[in-house]
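Chemist: 3D, please:
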Amino acid sequence: MFFVDQPYVSDLFKKTVRYHSIPVVGTPMAKQMDLHPGTHILSEEEAREMVRGKTPLSVYTTSENALAWLSNQPEFDYLAEKADLFKNKIKFRELTRPLFPDFYFTEVRAEDLATFSFDDIPLPCVIKPALGFFSMGVYNVSHADEWPGVVASILGEIMEIKDLYPAQVFDASSFIIERRISGEEFAVDAYYNAAGEPVILGILKHSFSSEKDVSDRVYTSSKEIIEENLEEFTAFAGEIGKLADLKNFPVHIELRREADGTLLPIEVNPLRFGGWCTTAELSFFAYGFNPYLYYHRGQKPNWAELLKGKEGTLFSLIVLDNSTGFEAREIESFDYDRLLASFEKPLELRRVDHTQYPVFGFMFVETQKGNEAELDAILNSDLREFISSV
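Modeler: Down below sits the predicted model:
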């Protein structure tokens, strides 16, 4: 069964559940998501009854907001507990300690941030909410004298975004401080099948404009990126899956490969692929298969066939987060036409109300190798050239 919730459900997802008769749980929020007529809607009681039948179920959520509903249903305790192992970054580091026994991390309460001593913290480090989403509240710290400014920025940001998501998705009452993981960063959409085996549905390289950058601006997939990492990342996902005993469980994994070749997880997002129906749908645009349907049916991509003819082409997801320095109320409009004209082959543009969420939208683009300058430009842009201020 699938769950839908705010903030967004794509047309591809809506068509998939409608025309392939995938059951969607009729939560109060699902009734507001404009699903296509004829979608197979399960009542909440029917969903609970299916779980009571102890039939292994493939559960998927379009948004971590659905965790709020799951956590209030005793019949779904097993799923909520699995999800919490990953959603709570402290629990996740404890879970993976057997694989990475020397990885440093510690917890600090929000009320203790201002007085927290950096004396025993290995630098550089990263601080982020123990329960977080996107890159909200995430900061790099290279020197102890940066700490007061980082605390001020965190507290200011939290005040702006604290009411956007339920507590199961974003909770700024506790933070994790951990050593900064260096190296190339990747995002992986995958699921564990009924036998607990990991199945990779997409691999994207996450680009950054600088060492200090923690944004989610550009993710890129290609034939080369997938072929070079598929085997290693599958084995890596398998190790994590064994620790948590995962079956019929989708995940969005963020990881880095350090200079010595060591793979380290940044985080694993449970019961979904990339948020806002994004990274998994890049696989659809780029390689022509439907990740939601593959998960529902327990199918495995035939990557050798899917990647034929994809040489020399980059497929990217552009996250248009508000990096302008202007507050939402100060921005009158965003020039989407100018944005589209900046790319050789836009595949899809999804506009978002920036006054409701701190993002202008998402765009999928196709770029030929040799024209990476268009990706570099948007990666380094603060997006001010696209806005009109009040």
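Chemist: give me the three-state assignment for the residue lying farthest from the centre of the chain.
Modeler: For the chain, the residue at maximal distance from the C-alpha centroid (C-alpha atoms, centre = their mean) is residue 119, at 32.6 Å. Here residue 119 is recorded as coil under DSSP: H, G, I helix; E, B strand; the rest coil.
Chemist: from residue 147, how far out is it?
Modeler: Separation of residue 119 from residue 147 (C-beta to C-beta, to the nearest Å): 11 Å. (Each C-beta comes from the backbone N, C-alpha and C, glycine too.)
Chemist: same thing with residue 357?
Modeler: Distance from residue 357 to residue 147, by C-beta to C-beta: 29 Å.
Chemist: do the same with residue 18
Modeler: Distance check for residue 18 against residue 147: by C-beta to C-beta, it reads 51 Å.
Chemist: picking that back up, how much space between the residue farthest from the centre of the chain and residue 144?
Modeler: Taking C-beta to C-beta, one finds residue 119 at 8 Å from residue 144.
Chemist: and the closest residue to residue 195 other than its chain neighbours, what does it touch?
Modeler: Excluding its sequence neighbours, the residue lying closest to residue 195 (C-beta to C-beta, 6 or more residues apart in numbering) is residue 247, at 7.2 Å. Applying C-beta atoms under 8 Å, 6 or more residues apart in numbering to residue 247 gives the contacts 56, 192, 193, 194, 195, 196.
Chemist: which strand or helix spans residue 342?
Modeler: If you go by DSSP states H and E, residue 342 is not part of any helix or strand.
Chemist: low pLDDT regions in this structure?
Modeler: Scanning the chain for pLDDT under 70 picks out 55-56, 132-135, 159-171.
Chemist: roughly how far does the spatially most central residue of it sit from residue 33?
Modeler: For the chain, the residue lying nearest the average C-alpha position, counting by C-alpha atoms, centre = their mean, turns out to be residue 274 (3.9 Å). Distance of residue 274 to residue 33, given as C-beta to C-beta: 18 Å.
Chemist: got the contact list for residue 52?
Modeler: residue 75.
Chemist: ok, now the one 10 residues further on?
Modeler: With contacts defined as C-beta under 8 Å, 6+ apart, residue 62 is in contact with 2, 3, 4, 5, 8, 9, 13, 272, 277.
Chemist: highest neighbour count among those?
Modeler: Compared across these, residue 4 has the highest neighbour count, 28 neighbours, by other C-beta atoms under 10 Å.
Chemist: taking the contacts of residue 62 one by one, which sit in helices?
Modeler: When the contacts of residue 62 are checked against helices (DSSP state H), the matches are residue 13.
Chemist: quick check: the farthest pair among the contacts of residue 62?
Modeler: Within the contacts of residue 62, 2 and 8 form the most distant pair, 14.6 Å apart (C-beta to C-beta).
Chemist: in the chain, which helix has the most residues?
Modeler: Scanning the chain for the helix with the most residues, using DSSP H, yields helix 223-244.
Chemist: quick check: buried residues in that one?
Modeler: Residues of helix 223-244 classed as buried by neighbour count (16 or more other C-beta atoms under 10 Å): 223-226, 229-230, 233-234, 236-237, 240-241, 244.
Chemist: please apply the same query to stretch 31-39.
Modeler: Using 16+ other C-beta under 10 Å as the burial criterion, the residues of stretch 31-39 that qualify are 33, 35, 39.
Chemist: wasn't the last one part of a strand?
Modeler: Just to be clear, that refers to residue 39. No - Residue 39: not assigned to a strand; according to three-state DSSP it is coil.
Chemist: touching, it and residue 17? I think so.
Modeler: Yes - between residue 39 and residue 17 there is a contact under C-beta atoms under 8 Å: 5.7 Å.
Chemist: list residues touching both of the two?
Modeler: Joint contacts of residue 39 and residue 17 (C-beta under 8 Å, 6+ apart) are residue 24.
Chemist: so how many other residues sit close to residue 276?
Modeler: Neighbour count for residue 276, taken as other C-beta under 10 Å: 22.
Chemist: equivalent analysis for residue 175, please.
Modeler: Counted with other C-beta under 10 Å, residue 175 comes out at 25.
Chemist: re the thing from before, grab the nearest non-local neighbour of the residue nearest to the centre of the chain.
Modeler: Spatial nearest neighbour of residue 274, excluding adjacent residues (C-beta to C-beta, 6+ apart): residue 252 at 5.3 Å.
Chemist: also residue 331?
Modeler: Excluding the flanking residues, the one nearest residue 331 by C-beta to C-beta, 6+ apart is residue 387, at 5.2 Å.
Chemist: who does the one you found form a beta bridge with?
Modeler: Note on residue 387: beta-bridge partners by DSSP bridges are residue 334.
Chemist: would you confirm that it contacts residue 335?
Modeler: Yes - shown here, residue 387 and residue 335 form a contact pair, counting by C-beta under 8 Å, at 7.3 Å.
Chemist: more crowded one of these two?
Modeler: Neighbour count, other C-beta under 10 Å: between residue 387 and residue 335, residue 387 has more, with 18 against 14.
Chemist: check contacts around the more buried one.
Modeler: Going by C-beta under 8 Å, 6+ apart, residue 387 touches 324, 326, 331, 332, 333, 334, 335.
Chemist: 6 Å instead, please
Modeler: Contacts were defined as C-beta atoms under 6 Å, 6 or more residues apart in numbering; by that measure residue 387 touches 324, 331, 334.
Chemist: measure the last one to residue 11 for me?
Modeler: Using C-beta to C-beta, one obtains 21 Å as the distance from residue 334 to residue 11.
Chemist: next one: residue 275
Modeler: 17 Å.
Chemist: please apply the same query to residue 148.
Modeler: Noted for residue 148: a distance of 46 Å to residue 11, by C-beta to C-beta.
Chemist: one more: residue 372?
Modeler: Going from residue 372 to residue 11 by C-beta to C-beta gives 29 Å.
Chemist: per the record, what domains does this protein have?
Modeler: For the chain, automatic domain parsing gives the domain ranges 2-86, 98-179, 184-389.
Chemist: quick one: closest of those domains to residue 92.
Modeler: Across the domains of the chain, closest to residue 92 is domain 2-86 (C-beta to C-beta), at 5.3 Å.
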